[in-house]
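Participant: after the sequence you'll find the predicted model.
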Amino acid sequence: MTDFEDQLRRAFERQEPSADFADRVVARASRPVKVAMYRYGRKWLSSAIAAALIVALGGGYAWERHRQGEEARAQLIQAMEITSSKLEKIHKKVQGALR
Amino acid sequence: MRWLLFFVLVLVPALASGQALKLDSLDKLAAKASDTVKVSLDGGLLRLAARFLSADEPEEAQIKELVKQLKGVYVRSFEFSKSGDYLDSDLDAIRSQLRDAAWKPIVEVHNKNDRDNADIYVKEQGDHFTGVAIIVAEPRELTVVNIDGVIDLDGLAKLAGNFGIPDEIRIKVERKRK
């Protein structure tokens, strides 16, 4: 048997794994998958909550601003109507007094 | 020292001329009134209101144009179920502010017997009115309007009719019935 053949035989020689090899493989294989899933889920949930909050706050602000705008518009129209009607009334008083 | 002088001579009068009347003294009348209108629109709220006015509605388009240069619109209007529910002295705080040199009365209609009085005061700056105060005091109704900012009074009056401010700077009418 040549040296080369001897080296080949030793290289392909069967070696028994240690007793806890299977357990370690299973443990190692299952752990990263679990962490990844958890991290992925947490990121997705955080993003969803943030998006929902932004939509809710933005919508709430827009609605409140719209309500304020409509209320202010109604008040402005009422104020202008009162003002113009009082000016008209004063005009009539002036005309009546000058007669 | 120069800054202080600048502040006193330039900024104080400028700030004072831009001030709206204080109408808070009238708010107590709301308790006696059967109908109250209180409008206080200043700065941002006034601009917001103007943005919500329709350019397609003729009246709203007219108001939109009128309020472009305004700083504030303040109205206190009270209707009372019987005469005597408010006193002339309730207006003292307002009238004392209008005695300031910045305000000029342009229309005064006073009827002492009927307790039917109306006044228009304006603040002028160059060719513009920069403020107007309207007081209409009737036995069962009291209205005070203060508009702060550059005002087109004729445009304002056109909203309800064809009232025009008289050519005379000041008209004062007092009727005394015996």
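Facilitator: Thanks, I have the structure now.

Participant: what element comes up after the helix or strand bottoming out on mean pLDDT in chain B heading to the C-terminus?
Facilitator: In chain B, the helix or strand scored least confidently by mean pLDDT, DSSP states H and E is helix B:12-17, which has a mean of 44. Going down the chain from helix B:12-17, the next helix or strand is strand B:35-42, by DSSP states H and E.

Participant: mind checking what helix or strand follows that following strand in sequence?
Facilitator: Following strand B:35-42 toward the C-terminus (DSSP H and E): helix B:43-52.

Participant: angle of that following helix against strand B:35-42?
Facilitator: With axes from the mean of the first three to the mean of the last three C-alpha atoms, to 10 degrees applied, the angle from helix B:43-52 to strand B:35-42 works out at 100 degrees.

Participant: list of residues touching helix B:43-52?
Facilitator: Outside helix B:43-52, the residues within contact range by C-beta atoms under 8 Å, 6 or more residues apart in numbering or on different chains are A:65, A:68-70, A:72-73, A:75-76, B:41, B:63-64, B:67-68, B:70-73. (Each C-beta comes from the backbone N, C-alpha and C, glycine too.)

Participant: quick check: A:Thr83 touching B:Val75?
Facilitator: Yes - using C-beta atoms under 8 Å, A:Thr83 is in contact with B:Val75, at 7.1 Å.

Participant: touching both of these two, which residues are there?
Facilitator: Contacts common to A:Thr83 and B:Val75, judged by C-beta under 8 Å, 6+ apart, are B:Val145.

Participant: what's the nearest residue to B:Ala49 if we skip its chain neighbours?
Facilitator: Nearest non-adjacent residue to B:Ala49, counting by C-beta to C-beta, 6 or more residues apart in numbering or on different chains: A:Ala72, 3.5 Å away.

Participant: what residues does that neighbour make contact with?
Facilitator: Listed by C-beta under 8 Å, 6+ apart, the contact set of A:Ala72 reads B:41, B:45-46, B:48-49, B:52.

Participant: same deal with B:Glu141?
Facilitator: With contact taken as C-beta under 8 Å, 6+ apart, B:Glu141 is in contact with B:77-80.

Participant: could you do A:Gln78 as well?
Facilitator: Applying C-beta under 8 Å, 6+ apart, the residues near A:Gln78 are B:37, B:39, B:75.

Participant: at 10 Å what do you get?
Facilitator: For A:Gln78, the contact set (C-beta atoms under 10 Å, 6 or more residues apart in numbering or on different chains) comprises B:37, B:39, B:75, B:77.

Participant: which other residues reach stretch A:21-34?
Facilitator: With contact meaning C-beta under 10 Å, 6+ apart, stretch A:21-34 is reached by A:17-18, A:20.

Participant: now the buried members of those.
Facilitator: Neighbour counting with 16 or more other C-beta atoms under 10 Å in any protein chain shown marks none of those as buried.

Participant: low-scoring stretches of the chain, by residue?
Facilitator: Using chain A. Scanning chain A with the threshold set as pLDDT under 70 gives A:1, A:32-38.

Participant: actually it's chain B I care about, not the one you picked
Facilitator: The model of chain B has pLDDT under 70 over residues B:1-18, B:157-178.

Participant: could you redo the last one with a cut-off of 80?
Facilitator: Along chain B, segments meeting pLDDT under 80 span B:1-19, B:112-115, B:153-178.

Participant: that older thread, which one of the contacts of A:Gln78 has the most neighbours?
Facilitator: Scoring the contacts of A:Gln78 on neighbours with other C-beta atoms under 10 Å in any protein chain shown, the highest-scoring entry is B:Val75 at 25 neighbours.
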